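Enquirer: got a predicted structure here, sequence first:
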Amino acid sequence: MPDPARFVLRRLSFTGPRVPLADIGFVPGVNVVWGASNAGKTFIMKALDFMTGAGSALPDIEEIQGYERAWLELDLPASGRVTLVRALSGGAYGIYEGTKEPGADVVEPNRTLGADHRSKGENISSFLLAELGIVDRKIARTLIGDKSPFTFRHFAPYVFTEETNMMGEWSPIRISAQSGETFDKNVLKFIVTGIDDSAMQTTRSVDAQKTANLGKIELIDDMIATAEEELERRWPDSGDLEGQLERISTTVEGLQQAMTERQTLLDGLRRERRSKVEAANEAMERRSDISVTLDRFALLDAVYDSDVARLEALEEGGAALLAGARRICPVCGADPAHQQHEHGFGEIEVTQAATRAEIAKIRLERSDLRKAMASLGAEREGLHRRGERLVSEVKALEADIAEAKPAEASSRLAYEELDRTRHEVRRGIAHLRYVEGLRARRARLAAFRPTSVPRGSVTAGIGGVVGHELATTIQSVLHAWRFPGLPTVAFDPASHDILINGKNRRANGKGVRALMNAAFKIGVMLYCRSKELPHPGIVALDSPLLSYRDSLSRHGAPGADEKQVAESGLNAHFYRFLLDNADKAQFVVIENDAPPFDLGEAARVTTFVGSEGSGGRRGFFPA
């Protein structure tokens, strides 16, 4: 099996600007601090708790005056060696990677961890739990499923057990005086099973359900009163809203039909008017085109007349030339019959013939032109008359439209007014339904009966099988210590404490209670190791061997059961057991007496001789 993931304390230190360094070192195995009273032994336990997230301040003892910072160097499974620093006044933690020499020039830490274990940001608890692979676990505080996050402070009672808790009559599983029995049991269940309470469904208590229901009834009553007031103000005849809606709907249907008919008539008149306006515009455009064409034809006719006149004059000139050509030659005096030269008379005759032909051709074309002009003129006249008729018809249609529009508009206005009225009536009906729904909901709330969690349906803590296995582990611890009588250890499901030979732990003396508490805490650690469950791997015990006190101790003289333990030589077997299991956890033991034998190099024993002693260290804080 690989070495378990665990924490290892290395060094606890206190520093201040004008005071000497106060510190103590630890080895990974067994660490014992023993000596005189009031020398700072118990203070070490409180300081370790303070540096791993305890919210309470350190004791305001005389020796701590002048110190301002506490330092804790330790090895972690994932981060390796780190050094935590915290002001003695409390607050956040600084974390340095590796070893940070206390009292050296204080530089900015690599990271800052909040002291509030429930804050969303990174805090000391989430940091330490993450080193063990524990993230976002929930523990049920009550049998109805109210939950709180699991924090490192819930591990702390299984790691650091102070003297008062060590000998206390309450169960070793108690987290604090305020935590509650159910929560304490469920914390133990998570530690020894790895199963939290995230799957548990939350059921509100009977009183909480009743209070919530009364609050709902009060709210519904206010809503009903407000809704009824609005109903009375806006719809005073709310009892007849359905009848009003039916009558209005009937009237609206009739108006819709009349409005449709009038709109259809008006649309038809408008379409006809648009058609006739378009036809009139087309006639006017055609008439305008014809007028332009006739004007051009008139110009062409005038050109024809000019051409004919010109050609006729040319013809008359040729005729005159020919008439004058048959006379005595003025040169030679020859008669026309005896003249040998015609002097171009043939060309004149040809020209004259061509002129007459061209005149005939032009007169023919002019005739065709005048026929076309007569036809276009007639068409223009017809278009003029058609345009006038269409304009007259358009005016008549506009008169019909003007006559039909008021009727259509009046029916539309009447329809819109009725539709608004109908919409308001519908809103009134919807509001009435809303009031009726509120009343029905109020009736259901009035009939509400809270549900409760049946007794015995939810079990807190661990069951018989796990409890028996845990008790067997604790029994092996007590047997290894040679506890008198080699007792049978049983698990008490009611208190989640252990019984020795059926005897409740509270029935024993302080020293025996302290031993049973120590065996319980070590047993939980060994059980987690056997099941490969996360555990910090530190067990720090303050006065587990209280049975070895003398009769003048401030705790009183030992009882018979404690004397039996002291006479059994259990303390030697106790330390041998710790040495044998130093590979599984780091042990810190605070005691008044020295170990009964030399613990060897695997252990570190620190002695505080006190203010009146000599030959050794006086206490945690230098004198």
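Expert: In hand now; what should we look at?

Enquirer: host element of residue 15?
Expert: strand 8-16 (DSSP states H and E).

Enquirer: same deal with residue 539?
Expert: Using DSSP H and E, the secondary-structure element containing residue 539 is strand 538-542.

Enquirer: who touches that strand?
Expert: The contact list for strand 538-542 (Cβ atoms under 8 Å, 6 or more residues apart in numbering) reads 6-9, 41-42, 45, 48, 158-163, 166, 518, 521-522, 525, 585-590. Bear in mind the C-beta positions are built from the backbone N, C-alpha and C, glycine included.

Enquirer: restricted to helices, list the residues you listed.
Expert: 41, 42, 45, 48, 158, 159, 163, 166, 518, 521, 522, 525 (DSSP state H).

Enquirer: chain neighbours aside, what residue packs nearest to residue 442?
Expert: Once flanking residues are discounted, residue 442 sits nearest to residue 220: 4.6 Å by Cβ to Cβ, 6 or more residues apart in numbering.

Enquirer: report the contact partners of the one you found.
Expert: When contacts are counted by Cβ under 8 Å, 6+ apart, residue 220 is found next to 438, 441, 442, 445.

Enquirer: let's have the residues you listed in JSON lines, adding neighbour count.
Expert: As requested, the contacts of residue 220 are arranged in JSON lines below (neighbours: other Cβ atoms under 10 Å):
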{"residue": "438", "neighbour count": "18"}
{"residue": "441", "neighbour count": "15"}
{"residue": "442", "neighbour count": "17"}
{"residue": "445", "neighbour count": "17"}
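
Enquirer: give me the longest helix you can find in the chain.
Expert: Taking DSSP H as the assignment, the helix of the chain that covers the most residues is helix 345-446.

Enquirer: before we move on, the earlier item: list the strands paired with the strand holding residue 539, with their directions.
Expert: Strands adjacent to strand 538-542 in the sheet, as given by DSSP bridges, are strand 160-161 (parallel), strand 586-591 (parallel).

Enquirer: low-confidence ranges in the stretch 51-200 of the chain?
Expert: Residues of the stretch 51-200 of the chain meeting the criterion pLDDT under 70: 104, 118-120.

Enquirer: can you show me the helices along it?
Expert: Chain-ordered helices for the stretch 51-200 of the chain, with DSSP state H, counting those that start in this stretch as the definition, fall at 124-131, 152-159, 163-167, 181-193.

Enquirer: could you dump those to a markdown table with mean neighbour count and distance to residue 393?
Expert: Formatted as a markdown table, the entries for those read as follows, by neighbours: other Cβ atoms under 10 Å; distance: least, Cβ to Cβ, whole Å:
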| stretch | mean neighbour count | distance to residue 393 |
| --- | --- | --- |
| helix 124-131 | 22 | 94 |
| helix 152-159 | 22 | 101 |
| helix 163-167 | 19 | 114 |
| helix 181-193 | 23 | 99 |
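
Enquirer: using CSV, lay out the ones you listed together with distance to residue 406.
Expert: Compiled in CSV, the helices of the stretch 51-200 of the chain are given as follows (distance: least, Cβ to Cβ, whole Å):
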stretch, distance to residue 406
helix 124-131, 82
helix 152-159, 88
helix 163-167, 99
helix 181-193, 84
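
Enquirer: on that earlier part again, what's the closest of the ones in helices among the contacts of strand 538-542 to residue 245?
Expert: The closest of those to residue 245 turns out to be residue 158 (Cβ to Cβ; 73.8 Å).

Enquirer: still on that earlier bit, could you save the strands paired with strand 538-542 as CSV and add columns showing distance to residue 85 and mean neighbour count?
Expert: Below are those laid out as CSV (distance: least, Cβ to Cβ, whole Å; neighbours: other Cβ atoms under 10 Å):
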stretch, distance to residue 85, mean neighbour count
strand 160-161, 19, 26
strand 586-591, 21, 23
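
Enquirer: surely residue 596 meets residue 571?
Expert: Yes: look at residue 596 against residue 571 with Cβ atoms under 8 Å: they come within range, at 5.4 Å.

Enquirer: hang on, the earlier thing: closest to residue 416 out of the helices of the stretch 51-200 of the chain?
Expert: For the helices of the stretch 51-200 of the chain, the distance to residue 416 is smallest for helix 124-131, at 67.4 Å, taking Cβ to Cβ.

Enquirer: output the contacting helices and strands for the closest one.
Expert: Applying 3 or more Cβ pairs under 8 Å, 6 or more residues apart in numbering; DSSP states H and E, we find helix 124-131 packed against helix 152-159.

Enquirer: so for residue 476, which of the strands paired with strand 538-542 sits nearest?
Expert: For the strands paired with strand 538-542, the distance to residue 476 is smallest for strand 586-591, at 16.7 Å, taking Cβ to Cβ.

Enquirer: name the surrounding residues that touch that closest one.
Expert: Applying Cβ under 8 Å, 6+ apart, the set of residues contacting strand 586-591 from outside is 6-9, 26-34, 41-42, 44-45, 48, 163, 537-545, 578, 581.

Enquirer: and the next helix or strand past it?
Expert: Once the chain leaves strand 586-591, the next helix or strand it forms, by DSSP H and E, is strand 603-608.

Enquirer: burial of the closest residue to residue 114 other than its chain neighbours, as a residue count?
Expert: Residue nearest to residue 114 in three dimensions, not counting chain neighbours: residue 123, with 3.8 Å by Cβ to Cβ, 6+ apart. Residue 123 is surrounded by 22 other residues when neighbours are defined as other Cβ atoms under 10 Å.

Enquirer: how far away is residue 123 from residue 196?
Expert: Separation of residue 123 from residue 196 (Cβ to Cβ, to the nearest Å) stands at 19 Å.

Enquirer: what's the answer for residue 543, then?
Expert: Computed as Cβ to Cβ, the residue 543 to residue 196 distance reads 33 Å.

Enquirer: have a look at these two and say which one is more surrounded.
Expert: Each of residue 543 and residue 196 had its neighbours counted (other Cβ under 10 Å), and the higher figure belongs to residue 543 (26 against 20).

Enquirer: so who does the more buried one touch?
Expert: With contact taken as Cβ under 8 Å, 6+ apart, residue 543 is in contact with 163, 166, 167, 514, 590, 591, 592.

Enquirer: could you dump those to a markdown table with distance to residue 422?
Expert: What follows is the contacts of residue 543, written out as a markdown table (distance: Cβ to Cβ, whole Å):
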| residue | distance to residue 422 |
| --- | --- |
| 163 | 85 |
| 166 | 84 |
| 167 | 85 |
| 514 | 87 |
| 590 | 89 |
| 591 | 93 |
| 592 | 95 |
